[in-house]
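model this:
(2 chains)
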There are 2 protein chains.
Amino acid sequence: MVREIFRQLPQENVVYFGDTGRFPYGTRSPDAIRHFSLQAANFLLEQKVKLIVVACNTASAQALGFLEKKVETSILGVILPGAKKAVASSRNRRIGIIGTEATVASGSYPEAIAQLDSQVKVFSYPCPLFVALAEEGYLKKKASFLIAQDYLSPLKKLQVDTLILGCTHFPLLKPIIQKVMGPKVTLTDAAESVAGETKELLAQLGLLNQAGAGGKHKFFVSDFPEKFKRLSRSFLRCQLDSVQKIEINRY
Amino acid sequence: MVREIFRQLPQENVVYFGDTGRFPYGTRSPDAIRHFSLQAANFLLEQKVKLIVVACNTASAQALGFLEKKVETSILGVILPGAKKAVASSRNRRIGIIGTEATVASGSYPEAIAQLDSQVKVFSYPCPLFVALAEEGYLKKKASFLIAQDYLSPLKKLQVDTLILGCTHFPLLKPIIQKVMGPKVTLTDAAESVAGETKELLAQLGLLNQAGAGGKHKFFVSDFPEKFKRLSRSFLRCQLDSVQKIEINRY
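Below is the predicted model:
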């Protein structure tokens, strides 16, 4: 997601925060997810950001409304952009959603889709092990394929023609998910559309940086900067020079 | 582990704290594990406990020495009891250890074993996906078996005759681990011996409760008490009446 933002908005300075000390969010309670998300937002506001992108499906699903009430700066989540893309892609109006337990439990995707097109039938399934499989680089193994079959067979039977990959980790498992779902099902994720919507929103607000390029990128985490640097190669597909650790409980 | 403590020490009042808001520890940095463990110890001390059992391998491996310096109350970890049991079990003096990344990185098990018997050859491997598989109830599935094969084949080739299940979650995967390692390898975990050592240490310190039974058990977590109650059926194999949420960052 952030890579797509760098690509589409090369002129913008980006401050990235990854809550590596309390990750993963997908199995936590709504209260914890809201509390953690607000701390992250407070840290970013201290960095004087002009817009916050909640680039995590779980945090967007469980905490976006809460953050909008607490924070005055504009906030963009990934649920609505993801829902729009899926509705635009679906022809048979049957859309599947996979995500963490917390994302599925929130009902945010079905709600967003119903607002866009009330005729769409939506089917949501949690795939909690996908997060760990992606983290551990189990991207193309038989074990991952068998787990994908367990999780996705019900969705396949329901004949969805579009499947929302509703977790930032899931696109790493795309080859396996596509293999289980078959070639006719379109897999959508929010990365591209979120970058586009970020650009649009900044333009609307008159906040778009007019320079052509040269944006600076700063990375912060709540734990283990060395490990984040190492993992960023597969997740962000870029080499990071500097990652700083912050004390998130100060926020 | 706590179930075994209840069984062997029915007269003792037990206060249990599970850091469900920041779990799992096994992928975090040594600094974070120490900081989280000290907060947990401070909470337990506020509850006026007479002894602290660090019933998590990762926290024992990375934070025990640190806690002993910070806290005056007696502390028992799981590494030494686990190492003793394995050394007593091994005949060919080749012992394998599986655990989280943080447990393996700490070198605590090999160190403890070397102190007990410097002739033992020790081989440690991290099995990070086992934690998620156990959490998600993937206990006897083919996918779990394949992942166990990936992780354990090197250990099998090294002809260990004893394998330490160095993470509280791993005993749930015992059938699969045994199947991969073969019937001749003894799988040891610290649960029983820790309960025994707890009893012994309390006796030594003159702190053993002399009543025959009637100990009360209190459960606290840092997030999602309802989910903990639900999961406790498979992990603690008991039905909990009351689980309270606490704000661990106050400690």
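
Tell me who's in contact with residue A:43.
By CB atoms under 8 Å, 6 or more residues apart in numbering or on different chains, the contact list for residue A:43 reads A:17, A:220, A:246, A:248, A:251. From N, CA and C alone the C-beta is placed, and that goes for glycine too.

Which member of the residues you listed is positioned nearest chain B?
residue A:248 (9.9 Å; CB to the nearest CB).

residues near the closest one, how many?
21 (other CB atoms under 10 Å in any protein chain shown).

How about it: what's its closest non-neighbour residue?
Closest residue to residue A:248 apart from its sequence neighbours, by CB to CB, 6 or more residues apart in numbering or on different chains: residue A:222 at 4.2 Å.

Find the pair from the contacts of residue A:43 with maximum spatial separation.
Across these, the longest distance by CB to CB is 11.2 Å; it joins A:220 and A:251.

which other residues reach stretch A:134-143?
In contact with stretch A:134-143 (CB under 8 Å, 6+ apart) are residues A:132-133, A:144, A:169-170, A:172-173, A:175-176, A:231, A:234, B:27, B:128-129, B:142-144, B:146-147, B:150.

And stretch A:11-23, by the same measure?
A:2, A:5-6, A:25, A:36, A:40, A:43-44, A:47, A:49, A:202, A:209-224, A:227-228, A:246, A:248, B:21-22, B:28, B:32.

before we move on, the earlier item: how many neighbours does the residue nearest to residue A:248 have?
What residue A:222 shows, counting by other CB under 10 Å, is a neighbour count of 25.

ok, which stretches of chain A are strands?
A:14-18, A:51-53, A:74-76, A:94-99, A:121-126, A:162-166, A:186-188, A:217-221, A:243-245 (DSSP state E).

Tell me the strands beside the fifth one, with direction?
It stands for strand A:121-126. Partner strands for strand A:121-126, per DSSP bridges, with pairing direction: strand A:94-99 (parallel).

just checking, residue A:220 touches residue A:247?
No. Residue A:220 is beyond contact range of residue A:247, at 10.6 Å (criterion: CB atoms under 8 Å).

coming back round to it: as JSON lines, the strands of chain A with mean pLDDT, mean neighbour count and distance to residue B:79 would be great.
JSON lines is the format used below for the strands of chain A (pLDDT from 0 to 100; neighbours: other CB atoms under 10 Å in any protein chain shown; distance: least, CB to CB, whole Å):
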{"stretch": "strand A:14-18", "mean pLDDT": "96", "mean neighbour count": "20", "distance to residue B:79": "31"}
{"stretch": "strand A:51-53", "mean pLDDT": "98", "mean neighbour count": "20", "distance to residue B:79": "43"}
{"stretch": "strand A:74-76", "mean pLDDT": "97", "mean neighbour count": "19", "distance to residue B:79": "45"}
{"stretch": "strand A:94-99", "mean pLDDT": "98", "mean neighbour count": "26", "distance to residue B:79": "37"}
{"stretch": "strand A:121-126", "mean pLDDT": "98", "mean neighbour count": "19", "distance to residue B:79": "35"}
{"stretch": "strand A:162-166", "mean pLDDT": "97", "mean neighbour count": "28", "distance to residue B:79": "40"}
{"stretch": "strand A:186-188", "mean pLDDT": "97", "mean neighbour count": "21", "distance to residue B:79": "44"}
{"stretch": "strand A:217-221", "mean pLDDT": "96", "mean neighbour count": "19", "distance to residue B:79": "28"}
{"stretch": "strand A:243-245", "mean pLDDT": "96", "mean neighbour count": "16", "distance to residue B:79": "27"}
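
can you redo these as CSV with distance to residue B:155?
Formatted as CSV, the strands of chain A follow (distance: least, CB to CB, whole Å):
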stretch, distance to residue B:155
strand A:14-18, 33
strand A:51-53, 44
strand A:74-76, 48
strand A:94-99, 34
strand A:121-126, 33
strand A:162-166, 35
strand A:186-188, 37
strand A:217-221, 32
strand A:243-245, 33
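
Could you say which one of those strands comes nearest to residue B:96?
Closest approach to residue B:96 among the strands of chain A is made by strand A:217-221 (32.8 Å; CB to CB).

What's the separation between the closest residue to chain B within the stretch 151-251 of chain A and residue A:251?
Taking CB to the nearest CB, chain B has its nearest neighbour within the stretch 151-251 of chain A at residue A:224, 4.1 Å off. Going from residue A:224 to residue A:251 by CB to CB, to the nearest Å gives 18 Å.
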